[in-house]
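Undergrad: got a sequence here, can you build the structure:
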Amino acid sequence: MNYWLIKSEPFKYSWDKFKKDGKTFWDGVRNYQARNNLREMKEHDLVLFYHSNEGKEIVGIAKVVGEAYQDPTTDDTNWVVVDFAPVESLKKPVSLAQIKADEKLRGINLVRQGRLSVVSIKPEEFDRILELGS
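TA: Got it, this is the predicted structure:
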């Protein structure tokens, strides 16, 4: 199993909206590295849901329920989407400030590749964030 982090601005697509929808495809990714990360995702991989810009915090856990396919919002075959379903909310959101201050999360891609909307997460980083969010 692999672990990932996806970002969304809460005013565009929030965790609460995602939970209400019960499933969504992740569209609009127009960065090649982020797209490649989407292509690497496998069914059942776990994903941290991060509110970017406003909030700047990890708020929940999702899972991959459908692997990469053509982004239906564009005719350009370079772009893909992945289907996600919510798993659970974190008891306490984990802020970017907390992550940056934590020794165990020093090299996390959320900080190292801060502009990417889809990044990989190491298993130990995923576990640490769950610890902080419980």
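
Undergrad: ok, now which ones touch residue 38?
TA: 26, 29, 68, 80-82, 118 (CB atoms under 8 Å, 6 or more residues apart in numbering). The way it works is simple: take the backbone N, C-alpha and C, and place the C-beta from them, glycine included.

Undergrad: can you confirm it is in a strand?
TA: No: under DSSP: H, G, I helix; E, B strand; the rest coil, residue 38 falls outside any strand and is assigned helix.

Undergrad: for the remainder of this discussion, apply numbering that starts at 4.
TA: OK, 4 is where the count begins now, so the last one is residue 41.

Undergrad: and the gap between it and residue 7?
TA: Per CB to CB, to the nearest Å, residue 41 is found 9 Å from residue 7.

Undergrad: what of residue 40?
TA: Counting by CB to CB - residue 40 and residue 7 are separated by 7 Å.

Undergrad: most neighbours, which of the contacts of residue 41?
TA: residue 85 (28 neighbours; other CB atoms under 10 Å).

Undergrad: distance-wise, check that one relative to residue 12.
TA: Applying CB to CB to residue 85 and residue 12 gives a distance of 18 Å.

Undergrad: what do you get for residue 132?
TA: Counting by CB to CB, the separation of residue 132 from residue 12 is 20 Å.
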